[in-house]
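K.L.:
Below: sequence and its predicted model.
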There are 2 protein chains.
Amino acid sequence: MEISKREEEYLEAMYLLYKKKGVIRVKDIAKKLRVRPPSVVDALKKLSEKGLVEYEKYDRILLTEKGREIAEKTYSKHLLLTEFFINILGIPPEIAEEDACQFEHYVHEITAERIREFAKYIQEQCPYVIKQFIKEHIEKEEKSKDTSKIEEVKDKHTS
Amino acid sequence: MEISKREEEYLEAMYLLYKKKGVIRVKDIAKKLRVRPPSVVDALKKLSEKGLVEYEKYDRILLTEKGREIAEKTYSKHLLLTEFFINILGIPPEIAEEDACQFEHYVHEITAERIREFAKYIQEQCPYVIKQFIKEHIEKEEKSKDTSKIEEVKDKHTS
DNA sequence: TAAATTCTTTAGGTAAATCTAATTTAGGTG
DNA sequence: CACCTAAATTAGATTTACCTAAAGAATTTA
């Protein structure tokens, strides 16, 4: 059974809502995925037919065992990638988050696992090198933040 | 003007065909992207309207300056990611290729650039650590290759 | 150069994912 | 407990990206 990228995103959103709030509501899924409620209902029907979601209209919404497994796998890739981007590459969190949000749906198991191992290995073998790399780039970002603030002020003055 | 992931893939395919063969043919684009020729024609019309492709039916197909720029940017991300996966993480080339093929369409400029810098930095600062990491994992792959060959043989015997 | 083959294109249709507008249901409140 | 509001659902339409079958153009070859 094929599961699309978008369906994976629905499952992940539901998984996170359940973890955070204990209930999964159409409205909240819609908000998280930036779509309108009817789109969510459509998706729920399909996912329910695929046996990934327990759904009957107006009733409580739950992931099935299978749905939860997929969501967990996806979300663990999300965390792994985000951490790698932030802690090893020194990417700003919002950007790291966005990159992870996409790649998590495509990255092969072996690549994900290798990234995990690499991060561990490199932090054990040469922690200082990583630290230095991060440090250099975070300084760069600070500078460009200052610049963009100045730009903002300029914008306000000219508009 | 919005350009979709799929459109980017068309541009990249055309760019590579042009580089390799000097001409871009519907049939070859179709083959590369695993679609049928009519789908390619549809795409060409849209890309032409967006000013990314020079296309008139039955005439030669070319990327415009703008189209070529996008394709080059995408392809350079492709190369960068593939190299990172292979040379730093030690991922098998076919898998590295597939992962890169997806992520190249989503990765932020800053992340791509940072990966490039990281690869350079780490290879300069601790080349031996990288070498060792790769070595350990390539050994693992060799073993699993052997295993899968044995599995294949078993399959033949039982089928 | 005419015929055969291959390539490209059009026509018409499908599936996934979205939307708006209108309707139905559920839950909270006077 | 009836009403009101907020949430969920249905109906119907749109867009993107694909497909098959059939037709038309270009190229190769006998």
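P.N.:
On my side now, so go ahead.

K.L.:
Report the separation between the residue most central in space within chain A and residue B:108.
P.N.:
Nearest residue to the geometric centre of chain A (Cα atoms, centre = their mean): residue A:101, 3.7 Å. With the distance defined as Cβ to Cβ, to the nearest Å, residue A:101 ends up 11 Å from residue B:108. From N, CA and C alone the C-beta is placed, and that goes for glycine too.

K.L.:
got any ranges where chain A has weak pLDDT?
P.N.:
A:140-159 (pLDDT under 70).

K.L.:
ok, and the closest non-adjacent residue to residue A:123?
P.N.:
residue A:130 (6.2 Å; Cβ to Cβ, 6 or more residues apart in numbering or on different chains).

K.L.:
Quick check: that neighbour is in a helix.
P.N.:
Yes. Counting by DSSP: H, G, I helix; E, B strand; the rest coil, residue A:130 falls inside a helix.

K.L.:
and the gap between it and DNA strand D?
P.N.:
39 Å (Cβ to the nearest atom of the strand, to the nearest Å).

K.L.:
quick one, what contacts that residue?
P.N.:
A:88, A:122-123 (Cβ atoms under 8 Å, 6 or more residues apart in numbering or on different chains).

K.L.:
Is it possible to mark the buried ones in those?
P.N.:
Buried residues within the contacts of residue A:130, counting neighbours by 16 or more other Cβ atoms under 10 Å in any protein chain shown: A:88, A:122.

K.L.:
Let me have the contacts of residue A:130 in a markdown table, extended by distance to residue A:57.
P.N.:
A markdown table is the format used below for these (distance: Cβ to Cβ, whole Å):
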| residue | distance to residue A:57 |
| --- | --- |
| A:88 | 46 |
| A:122 | 50 |
| A:123 | 49 |
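
K.L.:
Restricted to helices, list the contacts of residue A:130.
P.N.:
Cross-referencing the contacts of residue A:130 against helices under DSSP state H gives A:122-123.

K.L.:
Residue B:8: which of the contacts of residue A:130 is nearest?
P.N.:
residue A:88 (26.9 Å; Cβ to Cβ).

K.L.:
buried stuff in the host helix or strand of residue A:30?
P.N.:
Here residue A:30 sits within helix A:26-33, counting by DSSP states H and E. Neighbour-count burial for helix A:26-33 flags A:26, A:28-30, A:32-33 (criterion: 16+ other Cβ under 10 Å).

K.L.:
Which one of those residues is nearest to DNA strand D?
P.N.:
In terms of Cβ to the nearest atom of the strand, no member of the buried residues of helix A:26-33 lies closer to DNA strand D than residue A:26, at 3.5 Å.
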